[in-house]
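1. pasted the sequence and its predicted model underneath.
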Amino acid sequence: MGKIKKPFTDKNNPEYEEYMKARHTILSDFPALKEAFPYETGIKGKIGEYYKKNGTEIKEEYISQTLSSYSRKWKYLEKVIKESHRFDMYGNPTVEVSPEDKIHAQKKLEELSKKTKENKDDN
């Protein structure tokens, strides 16, 4: 999977307003996503399918960016380590978080910690 571009944080980007509207729609329809519980595998596709069935057009990259705005944060990674299950877009538990996923989240937290320390040392 390629790296997600982040042009949507730039208010001068022509897609900024469209992205922010889509993000608001997604988080209004699925407020459980803001809780940053470990997302079930395939959640992006399920959200896309939900909107397709309801006749709402939301670009896949907007769904990806909205999800990653939570899943790349400390809180999310800590919950992957602590929670026993992954959750669907409604906040219902689905499958168990695998030991491998917990190890991966721990490594990501260590990387974030290292980057944070490096950034503090640079200032």
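-> Structure received.

2. how about residues contacting the helix ranked longest in the chain?
-> As assigned by DSSP state H, the longest helix anywhere in the chain is helix 99-122. Contact with helix 99-122 is made by P38, W74, L77, E78, V80, I81, as judged by Cβ atoms under 8 Å, 6 or more residues apart in numbering. Just so you know, the C-beta spots here come from the backbone N, C-alpha and C atoms, and that holds for glycine as well.

3. got the buried residues for the worst-scoring helix or strand of the chain on mean pLDDT?
-> Within the chain, no helix or strand scores below helix 99-122, which has a mean of 88 by mean pLDDT, DSSP states H and E. The neighbour-count check on helix 99-122 (16 or more other Cβ atoms under 10 Å) flags K102, A105, K108 as buried.

4. residues near N13, how many?
-> For N13, the count of nearby residues is 13 (other Cβ atoms under 10 Å).

5. and what of Y16?
-> Y16, neighbours per other Cβ under 10 Å, totals 14.

6. and for the one 10 residues further on?
-> When neighbours are counted by other Cβ under 10 Å, I26 registers 23.

7. kindly report the same for F30.
-> For F30, the neighbour count with other Cβ under 10 Å is 19.
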